[in-house]
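>>> Take this sequence and fold it.
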Amino acid sequence: MNKMISDYELILRFIKGEQSCFEKIIHRHKNKVFAYISLYIRDQALAEDIFQDTFLKVIQSVKAGKYSDNGKFVSWVMRIAHNLIIDHFRRIKQMNTISNDNYESDLFNSKSFAEDNVEDDMIKRQIQKDVRNMISHLPDDQREVVILRHYAGLSFKEIADITDVSINTALGRMRYALINMRRIMVENKITLTLN
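Predicted coordinates for the structure are as follows:
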């Protein structure tokens, strides 16, 4: 039976010169990392650039001996991606050119919706718009947890590692986010159902 090689073992082999080992690590985690970046960066080409920058930084850090295995490799990579995303938004803010209209695709646009009839499609789009609007009104720390949990599919442990807080704090932020979103729904008489 072929046992899966751990991330750390692949890193050790990469450091010793086996270049293909790093390709295996990227292949193993690329979907999760790219999905995370895409939640914040709506422009596909820019998201791909940040994805590449993330793994370049990972390679540099690994070669410089800055990674020590604690079983949290993916969280460490996500933290690097997170910091690069923050850097990107800081640069844009400094250039004072940020605008949601600059992006062709939508932050929470999902291709997973089947093509139902036109009315259902319109209702689903409105629900997405309402959810996106509610999330945008949350405090930054709560919004981040909602995005990481429900759109990136991360566990609360991974969220805690990425955001550098305890699991209880991450859970608390999610709890308050849900309370706030329910309040926004009541105040604005929003219904999130197809029927």
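>>> hey, let's count contacts and neighbours off CA atoms from now on
OK.
>>> helices or strands next to whatever helix or strand Ala45 lives in in the packing?
Assessed by DSSP states H and E, Ala45 sits inside helix 44-63. When contacts are defined as 3 or more C-alpha pairs under 8 Å, 6 or more residues apart in numbering; DSSP states H and E, helix 44-63 sits against helix 7-15, helix 19-40, helix 73-95.
>>> neighbouring contacts of the shortest one?
With contact meaning C-alpha atoms under 8 Å, 6 or more residues apart in numbering, helix 7-15 is reached by Ser20, Cys21, Phe22, Lys24, Ile25, Val62, Lys63, Asp69, Gly71, Phe73.
>>> Looking at those, point me to the pair that's furthest apart.
Ser20 and Gly71 (20.9 Å; C-alpha to C-alpha).
>>> for Arg132, helix, strand, or coil?
Put simply, Arg132 is helix when judged by DSSP: H, G, I helix; E, B strand; the rest coil.
>>> and it, how many neighbours?
Arg132: 15 surrounding residues under other C-alpha atoms under 10 Å.
>>> Need the pLDDT of the most centrally placed residue in the chain.
Using C-alpha atoms, centre = their mean, the residue of the chain that lies closest to the mean C-alpha position is Tyr36, 2.3 Å off. Here, the pLDDT recorded for Tyr36 equals 84.
>>> surely it meets Arg149?
No: the pair Tyr36 / Arg149 is not scored as a contact, 10.1 Å apart, by C-alpha atoms under 8 Å.
>>> on that earlier part again, would you format the helices and strands packed on helix 44-63 as JSON lines with distance to Tyr176 included?
Output for these, formatted as JSON lines (distance: least, C-alpha to C-alpha, whole Å):
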{"stretch": "helix 7-15", "distance to Tyr176": "35"}
{"stretch": "helix 19-40", "distance to Tyr176": "21"}
{"stretch": "helix 73-95", "distance to Tyr176": "22"}
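>>> Tell me the buried residues in stretch 24-34?
Ile25, Val33, Phe34 (16 or more other C-alpha atoms under 10 Å).
>>> Please verify my assumption that the second one contacts Ile80.
No: checked against C-alpha under 8 Å, the pair Val33 and Ile80 is beyond contact range at 10.1 Å.
>>> Next secondary structure after the helix or strand of the chain with the lowest mean pLDDT?
Least confident helix or strand of the chain, by mean pLDDT, DSSP states H and E, is helix 118-136 with a mean of 71. Note on helix 118-136: by DSSP H and E, the next helix or strand toward the C-terminus is helix 140-146.
>>> Contacts for that following helix, please.
Helix 140-146 is contacted from outside by Ile135, Ser136, Ile159, Ala170, Arg173, Met174, Tyr176, Ala177, using C-alpha under 8 Å, 6+ apart.
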